[in-house]
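>>> Pasting a predicted model and its sequence here:
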2 protein chains.
Amino acid sequence: MRIGELSRRSGVSVPTIKYYVRERMLPEGERTAANQVSYSEEHLRRLRLIRGLIDVGGLPVSTVREVLAEIDRPDPSTRRAVITAHKGLAVPTGGSTDRLREDAWHVVESVFAERGWTHDEDNPGVPALVEVLARLRLLDQDGFVDRIGRYAEAAELIAEVDIDFLSSRADATDAVESAVLGTVLGDVAIAALRRIAQQEMFNRSSRKDC
Amino acid sequence: MRIGELSRRSGVSVPTIKYYVRERMLPEGERTAANQVSYSEEHLRRLRLIRGLIDVGGLPVSTVREVLAEIDRPDPSTRRAVITAHKGLAVPTGGSTDRLREDAWHVVESVFAERGWTHDEDNPGVPALVEVLARLRLLDQDGFVDRIGRYAEAAELIAEVDIDFLSSRADATDAVESAVLGTVLGDVAIAALRRIAQQEMFNRSSRKDC
């Protein structure tokens, strides 16, 4: 197909498609004549992957570029892809103080101990969690700390589902793409389900009060 | 304190503080002399709230403005605040087709039926979940659908923690602020815990394979 059709079918503008090609996020089309470049269903699929990660997952373009590079490696690794997908969780530090982060770190350690989790410095979840707890402490939301242990229990349920699913994928490239999409779009699905469930629990407890 | 000290202590630049005042997200300081305006600890606290929602929660400024208006109402309502905080979950639609969204909607309905959840059209979680499922179907990630029921179970656990906590807050203004922070920063905490738990489950299943 021509670039116009690719744009129409993907919903991505022609200048943006050209930008993705320049950034090597999308392979070049095949030159079929002096002034004509042809794109395939694979190009369409790749554009849908990029837009899903950006529009729905909220990843910045720079992280999408890294994730795609991982998917395109000749030796794809699910483990590495999950780690790359995890980078999408960038939480800026600096809004709280060292002292508050140190306190938050002790909370995180006690949650790890309670669940028997091994400590891994490289997981971007750790600094993100520390920062969230430090910021909440700064805003006098000390009660939030008590919820973390129970959130961790729910997170373990979710992670079991995730890993069960990935273990069932035979093809490595498929597994890498599924890992990335499941992590990034999965976060949005979980946040959506949490809102729906919150409202449900809220309605149930209001009915009890009547 | 003067605006310079407010800027230093909050980590927010002077032009940004002035912007928040113009946008009525931050009350004006008290004019103590012709050329001097004084800010209080309440201003500092409000700036920390704004930055927490933007930096950590990833909310756009326009949503933060709506959330603050809810917090500042003379008759604060936790229910309304939760609904406002939910607006932060904006997922653009249009990247998939009507047909795919219709299929996704059937999946969502079956999850609701399974959990005995009441259907509420106004909850922004519903269109967000439908869009995530439609996008994943577009990318041939049909297996993801099977995970939704188990994610919903975990989301219910999380929502129970959230509602338990909110019910324990006596002061309405406090409860509103806690609801907003718990929802927005809570999402980030859960995403962080999910990543940590994924890695833990991944390591455990790799050890089993040896």
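Right, received. Where do you want to start?

>>> Quick check: which element contains the spatially most central residue of chain A?
Nearest to the mean C-alpha position of chain A, by C-alpha atoms, centre = their mean, lies A:Val184 at 2.5 Å. Taking DSSP states H and E as the criterion, A:Val184 maps to helix A:172-209.

>>> from the middle of its chain, how far away would the lowest-mean-pLDDT helix or strand in chain A be?
Using mean pLDDT, DSSP states H and E, helix A:78-86 stands out as the lowest-scoring helix or strand of chain A, at a mean of 74. When distances are taken as C-alpha atoms, centre = their mean, to the nearest Å, helix A:78-86 is centred 10 Å away from the chain's centroid.

>>> For it, which helices and strands make contact with it?
helix A:61-72, helix A:172-209, helix B:172-209 (3 or more C-beta pairs under 8 Å, 6 or more residues apart in numbering or on different chains; DSSP states H and E). Where C-beta positions appear, they are placed from N, C-alpha and C, glycine not excepted.

>>> Output the contacting helices and strands for the second one.
Packed against helix A:172-209, as judged by 3+ C-beta pairs under 8 Å, 6+ apart, are the following elements: helix A:61-72, helix A:78-86, helix A:144-167, helix B:78-86, helix B:125-138, helix B:145-167, helix B:172-209.

>>> Quick one: mean pLDDT for it?
Per-residue pLDDT over helix A:172-209 has a mean of 83.

>>> Go through the helices and strands packed on helix A:78-86 and name the closest to A:Glu114.
Nearest to A:Glu114, of all those, is helix B:172-209, at 12.2 Å by C-beta to C-beta.

>>> quick one: that closest one to helix B:145-167, angle?
140 degrees (axes from the mean of the first three to the mean of the last three C-alpha atoms, to 10 degrees).

>>> which one of the helices and strands packed on helix A:78-86 lies closest to B:Gly58?
When the helices and strands packed on helix A:78-86 are compared by C-beta to C-beta, helix B:172-209 sits nearest B:Gly58, at 7.6 Å.

>>> relative to helix A:144-167, how tilted is that closest one?
Going by the same axes, to 10 degrees, helix B:172-209 makes 40 degrees with helix A:144-167.

>>> pLDDT weak spots in chain A?
Under the criterion pLDDT under 70, the flagged ranges of chain A are A:90, A:92-94, A:169-170, A:172-173, A:207-210.

>>> and it, what are its domains?
Domain assignment for chain A, taken from automatic domain parsing, gives A:3-56, A:86-209.

>>> ranking those by burial, who's on top?
domain A:86-209 (a mean of 19; mean count of other C-beta atoms under 10 Å in any protein chain shown).

>>> ok now that one, how far from the chain's centre?
12 Å.

>>> Also stretch A:40-54?
On C-alpha atoms, centre = their mean, the centre of stretch A:40-54 falls 17 Å from that of its chain.

>>> ok, that stretch near chain B or not?
Yes. Contact between stretch A:40-54 and chain B, assessed by C-beta under 8 Å from any C-beta of the partner chain, occurs at A:Arg45, A:Arg48, A:Leu49, A:Arg51, A:Gly52.

>>> Show me those that map onto strands.
With DSSP state E as the criterion, strands contain none of those.

>>> can you redo these as TSV with distance to B:Asp72?
TSV is the format used below for those (distance: C-beta to C-beta, whole Å):
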residue	distance to B:Asp72
A:Arg45	47
A:Arg48	42
A:Leu49	42
A:Arg51	37
A:Gly52	37
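
>>> For chain B, state which of those is nearest.
The nearest member of the residues of stretch A:40-54 next to chain B to chain B, counting by C-beta to the nearest C-beta, is A:Gly52 at 4.6 Å.

>>> shouldn't the closest one be in contact with A:Leu181?
Yes. Between A:Gly52 and A:Leu181 there is a contact under C-beta atoms under 8 Å: 6.9 Å.

>>> joint contacts of those two?
B:Leu136, B:Leu139 (C-beta atoms under 8 Å, 6 or more residues apart in numbering or on different chains).

>>> still on that earlier bit, tell me who's in contact with the residue nearest to the centre of chain A.
If you count contacts by C-beta under 8 Å, 6+ apart, then A:Val184 has A:Leu53, A:Val56, A:Gly57, A:Leu59, A:Ala85, A:Gly88 around it.

>>> That concludes my questions; thank you for your assistance.
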